[in-house]
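S.K.: need coordinates for the below:
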Amino acid sequence: MLIAALAAIGGAVPAAWSASPDPIIEGEPADVGEYPAQGFLQVDLGFDGWSCGGTLLSARLFLTAAHCATDFFGPVPPETAVVALGEVDLDDVTAEDLYDVEAIEVHEDYGTPAGNSNDVALLTLEEAAPFQPLPL
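M.R.: The predicted structure follows:
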């Protein structure tokens, strides 16, 4: 789906993924492979889009915030989301780093009692990622 679309346009990564000149504030850049379970979620609804971070819980399960996986109507359609894994610089993301999303499950009590309560969502990737989550 999204990977095929990116491949069709030459593997280009959306401009919204470009990193800012100084993306790290009071921290240090991660080394390649230091946090292999850390990922980047991009949602593209055509008329709107956004990005968020998240982490692998298993080879196919990606944990993120519910507010990152919903719009005003509920969970976004899975085909509008893609997860990038394996890179520490968004400018280095290629089609091989992208994983399509098969399903999105938002906490049933998200927003209850108010605001971003229960702000958690679980995304199922269409393919297993070759990375191991950090042990809990």
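
S.K.: report the beta-bridge partners for the residue most central in space within the chain.
M.R.: Nearest to the mean C-alpha position of the chain, counting by CA atoms, centre = their mean, stands residue 41 at 1.7 Å. As for beta bridges, residue 41 partners with residue 52, residue 83 under DSSP bridges.

S.K.: do residue 98 as well
M.R.: With DSSP bridges as the rule, residue 98 is bridged to residue 84.

S.K.: burial of it, as a residue count?
M.R.: 20 (other CB atoms under 10 Å). Every residue, glycine included, has its C-beta placed from N, CA and C.

S.K.: how near is residue 26 to residue 40?
M.R.: Distance, residue 26 to residue 40, using CB to CB, to the nearest Å: 20 Å.

S.K.: would you map the strands across the protein?
M.R.: Listed in chain order, the strands of the chain (DSSP state E) span 38-44, 49-56, 61-64, 70-71, 74-75, 81-85, 98-106, 121-125.

S.K.: and residue 112, which of the ones you listed is closest to it?
M.R.: Closest to residue 112 of these is strand 98-106 (CB to CB; 11.7 Å).

S.K.: what's in contact with that closest one?
M.R.: With contact meaning CB atoms under 8 Å, 6 or more residues apart in numbering, strand 98-106 is reached by 1-3, 6, 62, 66, 69-70, 74-76, 78-79, 81-85, 120-127, 129.

S.K.: as a quick check, tell me the outermost residue of this structure.
M.R.: For the chain, the residue at maximal distance from the C-alpha centroid (CA atoms, centre = their mean) is residue 113, at 26.2 Å.
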